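A.B. asks: Below are the sequence and a predicted model; questions follow.
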Amino acid sequence: MFAKVFTALVAASAVLAAPVESQLEKRIQHDGQATYFEVGLGACGWWNVNEDYIVALNSAQYQRNGGSNCGQGITLTNSANGKKIVVTVADECPTCDDGSLDLSPSAFAALTDGNMDQGVFPISWHFNRKQ
């Protein structure tokens with residue numbers, strides 16, 4: 001009897017621990033570079049326009065979760081000036097390094113005071129908790 005109860009408790013604790021671990025992973029800060037791109041049909045399967053606050057997640061992190069970060073919110077900070085916005089993962093960036101993101105033009109402009117000539121800037125970001 002004790003063995004059955006113990007096995008049930010171990011199984012239940014594993015199930016309960018999984019969401020906590022994934023939530024902690026969402027809080028990890030990532031650092032990289034921001035660039036921008038002309039948006040359209042993204043790897044997540046929906047259409048966007050340049051005015052949307054979206055990002056293409058680097059392939060290393062996009063593929064790590066099998067594309068499950070599609071639609072996930074990200075809090076993104078321009079490390080050079082401290083400006084911060086919230087964006088949504090809508091695409092994959094195969095040329096971006098781990099931690100780097102490709103931004104829609106409107107998201108890029110919001111973080112650079114409209115200076116699109118900058119082309120690239122340092123960023124830090126983290127996934128927002130899924131509701």
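C.D. replies: Everything's here; your move. Residues are numbered from 1 along each chain as shown.

A.B. asks: Run through the helices of this structure in chain order.
C.D. replies: 2-26, 59-64, 105-111 (DSSP state H).

A.B. asks: Show me what the shortest one packs onto, helices and strands only.
C.D. replies: Applying 3 or more C-beta pairs under 8 Å, 6 or more residues apart in numbering; DSSP states H and E, one finds that helix 59-64 makes contact with strand 84-93. Any C-beta I mention is one placed from the backbone N, CA and C, and that applies to glycine too.

A.B. asks: least reliable of the helices of the chain going by mean pLDDT?
C.D. replies: Lowest mean pLDDT of these: helix 2-26, a mean of 46.

A.B. asks: so where is this structure shaky, pLDDT-wise?
C.D. replies: Under the criterion pLDDT under 70, the flagged ranges of the chain are 1-26, 130-131.

A.B. asks: let's see 80
C.D. replies: 1-27, 65-67, 129-131 (pLDDT under 80).

A.B. asks: Find the nearest non-adjacent residue to residue 115, please.
C.D. replies: Excluding its sequence neighbours, the residue lying closest to residue 115 (C-beta to C-beta, 6 or more residues apart in numbering) is residue 109, at 7.8 Å.
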